[in-house]
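> Got a predicted structure plus its sequence, pasted below:
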Amino acid sequence: MGAAAATSGILTQQQARIFALLYLQLEPLSLEDIAEQLDQSKSNISINVRVLVEWHLVRRKPVPGSRKDHYIAATDFFRAMQEIFERRFRWTVRQVLSAVSETEQASERGTGRATGRSTVKNDNNAILQARLDALKSFFSLIDTGIGSFLQGEPFPAEQLRNIVPLARK
């Protein structure tokens, strides 16, 4: 899992190793137990566990008779992926949509000042607007798709075909 996570951009290799270790355990583990099994420092494990807790992939689990924090992994992968999509991918998509909106506003302000526009300037503005429209359409649809996924509904694939021409076989 660590190697797969390292290329995903979602979790670090260390975070995925911690998650996998906890997922395969029948009992909660303390930070010391995790550090020992993964041959890592307790402080390194603590930092990475904190991230996993924030992502709802790991949670604290009290162990009777122990004052230490113990942790278990989430077992509901669908819910875990919903959390990741909401926090990571949807945020990124909405950043793109915000940038497109800001660029459109800046473009409108820039073209509003021109008094004698040339044909070249009009062509450039039309191309810019067409590209911004394409970005907005695509990323709005991805945002809608993420929303659908979060609600347990199917991704609007047919709408995607209308925006992105797919190769026909």
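Everything's here; your move.

> Looks to me like residue 67 is in a helix.
No: remark: residue 67 does not belong to a helix; assigned using DSSP: H, G, I helix; E, B strand; the rest coil, it is coil.

> Now do the same for it: its pLDDT.
Each residue has a pLDDT score; the one for residue 67 is 92.

> Check residue 85 too.
pLDDT, read off for residue 85, is 79.

> Flag every buried residue along the longest helix seen in the chain.
In the chain, assigned by DSSP state H, the helix with the most residues is helix 119-150. Neighbour counts over helix 119-150 (16 or more other Cβ atoms under 10 Å) mark 125, 132, 135-143, 145-146, 149 as buried. (C-beta placed from N, C-alpha, C; glycine too.)

> Could you save those as TSV and add columns showing distance to residue 104?
Below are the buried residues of helix 119-150 laid out as TSV (distance: Cβ to Cβ, whole Å):
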residue	distance to residue 104
125	11
132	6
135	10
136	8
137	13
138	15
139	13
140	13
141	18
142	18
143	17
145	22
146	22
149	27
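
> Return the member of those residues nearest to residue 24.
residue 149 (26.7 Å; Cβ to Cβ).

> and the helix or strand harbouring residue 52, what other elements does it pack with?
For residue 52, the element it lies in under DSSP states H and E is helix 42-54. With contacts taken as 3 or more Cβ pairs under 8 Å, 6 or more residues apart in numbering; DSSP states H and E, helix 42-54 sits against helix 13-23, helix 31-38, strand 58-60, strand 70-73.

> ok, residue 140 - contacts?
Counting by Cβ atoms under 8 Å, 6 or more residues apart in numbering, residue 140 makes contact with residue 97.

> how near is it to residue 125?
Between residue 140 and residue 125 the distance is 22 Å, computed by Cβ to Cβ, to the nearest Å.

> ok, and what's touching the helix holding residue 52?
11-12, 14-15, 18-19, 31-32, 34-35, 38, 58-60, 71.

> Greatest separation within the residues you listed: which pair is it?
Among these, 11 and 32 lie farthest apart (Cβ to Cβ), at 21.9 Å.
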